[in-house]
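A.B. asks: Next come a sequence and a model predicted from it.
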Amino acid sequence: MDFKIISTEAKSKARAGIIKTDHGEIKTPIFMPVGTAGTVKAVHSRDLKNEVNAQIILGNTYHLYLRPGIKIIEKAGGLHKFINWDRPILTDSGGYQVYSLSGTRKLTKDGVIFQSHIDGSRHTFTPENVIDIERSIGADVIMAFDECTPFPCEYEYAKNSMNITHEWLKRCFDRYNETSNKYGFHQSLFPIVQGSTFRDLRKQSAETIASFCAEGNAIGGLSVGEPHEIMFEITELVCDILPFEKPRYLMGVGTPANILECIALGVDMFDCVMPTRNGRNGMLFTKNGIINIKNEKWKNDFSLIEENGETFVDTAYSKAYLRHLFASREMLAAMIASVHNLGFYLWMVGEARKKIINGNFSEWKDDAIKTFSQRI
């Protein structure tokens, strides 16, 4: 991987860059659509490329490990070939999913024993076998195995969890360094900063993560229920410690407003299920604000979903028609809404990139946040 910062903004810590991988370039700041089980829900890969222009997508190690299983992915020649996607892919480590299974998992210093949400079968994730699994999946960027703490969280729990994450990180890198890629292209391992909302723990964790001199670094354990102000405070603290010349990935964030605020703090990469999940439930993100397309007010509105839709996706459908599709429970409703929302997110970070290069990102950001966040 190669990362080059091409522009910074004087009024903020925002930067525009280019990440080069063996599957193509990624222009940052970037939003990455979430393809949990090898698919971005309700979105055809053709639309991801041609309409949304997704430069990189995510796969989920936990879900892909359980289904379809690593043997099938290996037989296919890796996840890229299995899903017919020739652009970069990032896989998380499964740590967040294991965290979400708090009632059916047992955490030890060696790893995590958990029950499958599919059939109740028991499995074990360790730093070593997670790296092996991610090698088999074959993503361009793979995440180290960590423990994600909940919010709120007791200090001692957060400290112990952080220490475990750091111990696991060393084991992840040891395994990474003694293994090689399986499909003929490079894989970059990103460590993850933890420490909950405690500044001293986050500082310690960021310094530890930076010492590994990885090709990129991630910030985890945020957007789990803490106030936005705390998320911004911790993100700024960590970004100031992580290496300037390496890409920074804020995991699981988030709303358009949160993404723009965190770009201003120095974050380069984002992912979140919000655009597709909310889209499937009738919430549309537009340049003029947020629309609940299920509302009665759109029943006779024949204007386009996005009045200037040509700037990011083909939204040549009226609000009345999309509302009708949701009312009729047609699958096309989720497809149109998901493509639209992802298109908006990719357009938004693309505009942020342009503004950073032009030197007027901060002024644009403040106005954009007010507009994008208002309910129509």
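C.D. replies: Alright, I've got the coordinates.
A.B. asks: ok, which stretches of the stretch 151-300 of the chain are helices?
C.D. replies: Ranges of helices in the stretch 151-300 of the chain, per DSSP state H, counting those that start in this stretch, are 155-178, 199-210, 228-241, 256-264, 274-280.
A.B. asks: Buried residues of stretch 185-196, list them for me.
C.D. replies: Neighbour-count burial for stretch 185-196, counted by 16 or more other C-beta atoms under 10 Å, picks out 187-196. For the C-beta atoms, the positions are set from N, CA and C on the backbone; glycine is no exception.
A.B. asks: CA atoms only: put that stretch into CSV for me.
C.D. replies: Coordinates of each C-alpha in stretch 185-196 appear next as CSV, following Å, rounded to 0.1, in the frame of the first residue of the first chain:
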residue,chain,number,x,y,z
PHE,A,185,-1.6,-9.3,-4.1
HIS,A,186,-0.5,-7.4,-1.1
GLN,A,187,-2.6,-7.3,2.1
SER,A,188,-2.1,-4.4,4.6
LEU,A,189,-2.8,-5.0,8.3
PHE,A,190,-4.3,-2.1,10.3
PRO,A,191,-4.2,-2.1,14.1
ILE,A,192,-7.1,-0.6,16.1
VAL,A,193,-6.9,2.1,18.8
GLN,A,194,-9.1,1.3,21.8
GLY,A,195,-9.5,2.7,25.3
SER,A,196,-13.2,3.6,25.5
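A.B. asks: all numbers from here: first residue = 15
C.D. replies: Right, with 15 as the first residue, what we last looked at is stretch 199-210.
A.B. asks: sorry, back to before: now the buried residues of stretch 199-210 as JSON lines including distance to residue 274?
C.D. replies: Compiled in JSON lines, the buried residues of stretch 199-210 are given as follows (distance: C-beta to C-beta, whole Å):
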{"residue": "201", "distance to residue 274": "30"}
{"residue": "202", "distance to residue 274": "26"}
{"residue": "203", "distance to residue 274": "28"}
{"residue": "204", "distance to residue 274": "23"}
{"residue": "205", "distance to residue 274": "26"}
{"residue": "206", "distance to residue 274": "23"}
{"residue": "207", "distance to residue 274": "21"}
{"residue": "208", "distance to residue 274": "24"}
{"residue": "209", "distance to residue 274": "24"}
{"residue": "210", "distance to residue 274": "24"}
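A.B. asks: and those, which two are the farthest apart?
C.D. replies: 201 and 210 (28.8 Å; C-beta to C-beta).
A.B. asks: Name the residue closest to the centre of the chain, please.
C.D. replies: Centre of the chain computed as the mean C-alpha position; nearest residue by C-alpha atoms, centre = their mean is residue 285, 1.9 Å away.
A.B. asks: Quick check: it vs residue 233, distance?
C.D. replies: Relative to residue 233, residue 285 is positioned 12 Å away (criterion: C-beta to C-beta, to the nearest Å).
A.B. asks: Cheers, nothing more for now.
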